[in-house]
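>>> one predicted model, sequence on top.
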Amino acid sequence: MVFYVTPTDAMEQNKANPKKTKFRLGGLVLEGSVVQPASSPEMEFVVTDLITDILVRYKGALPDLFREGHSVVVEGARGIDVYFSATEVLAKHDEKYMPGEVAAAIEKNKKKLEEDKEEGAAAAALAVADEKK
């Protein structure tokens, strides 16, 4: 059975069980990441959960609803190099298409990034206050 995992979960699972290479990866297509290298028939794009990014390679036509910044689920296997070799790409504009676990992980990661940004701003303000003393 193949489950959906986020890029962060996929990296953690790879460390725990490097022999498990086949899975479904769910996340958002990173803005500006979709390219077709001139020397390759494969499309390349990055799937992110806002914490971890994974390069995906796919040979074939992408679905009509495939868009940067929208949800995607790709099925395939981790490649020999540092990329995910997709055999199927599923895309839909409606966020309901994304598995609940993946959507929840992305929301959690958005909140974590916002908290980290706020903590960074607070630390910078303290550093400026200390310099003025």
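Sure thing, it's come through. Note that the coordinates shown come from a computational prediction; the quantities given were computed from them, not determined experimentally. Numbering: from 1, shown residues only.

>>> how about the nearest residue to residue 55 once chain neighbours are set aside, what does it touch?
Among residues not flanking residue 55 along the chain, residue 83 sits closest, at 4.3 Å (Cβ to Cβ, 6 or more residues apart in numbering). Every C-beta, even on glycine, is put in place using the N, C-alpha and C of the backbone. Going by Cβ atoms under 8 Å, 6 or more residues apart in numbering, residue 83 touches 44, 54, 55, 56, 57.

>>> then residue 84?
With Cβ under 8 Å, 6+ apart, residue 84 has these contacts: 10, 25, 47, 54, 55, 56, 57, 74, 76, 77, 78.

>>> if we go to 10 Å?
Contact analysis of residue 84 by Cβ atoms under 10 Å, 6 or more residues apart in numbering lists 7, 10, 21, 23, 25, 46-47, 54-58, 74-78.

>>> show me where this protein has helices.
Along the chain, counting by DSSP state H, helices occupy 7-16, 100-132.

>>> next, the buried residues of the longest one.
Right, helix 100-132. 102, 103, 105, 106, 109 (16 or more other Cβ atoms under 10 Å).

>>> repeat that for the shortest one.
Judged by neighbour count (16+ other Cβ under 10 Å), helix 7-16 contains these buried residues: 7, 8, 9, 10, 11.

>>> the first one contacts residue 27, doesn't it?
Read it as residue 7. Yes - using Cβ atoms under 10 Å, residue 7 is in contact with residue 27, at 5.6 Å.

>>> what residues are shared contacts of the two?
46-54, 56, 102, 105, 109.

>>> what's the farthest-apart pair in those residues?
Taking Cβ to Cβ, the two most distant members of these are 56 and 109; they sit 18.4 Å apart.

>>> lowest-confidence stretch among the helices of the chain?
Lowest mean pLDDT within the helices of the chain: helix 100-132, a mean of 76.

>>> that one to helix 7-16, inter-axis angle?
Angle of helix 100-132 versus helix 7-16, following axes from the mean of the first three to the mean of the last three Cα atoms, to 10 degrees, is 100 degrees.
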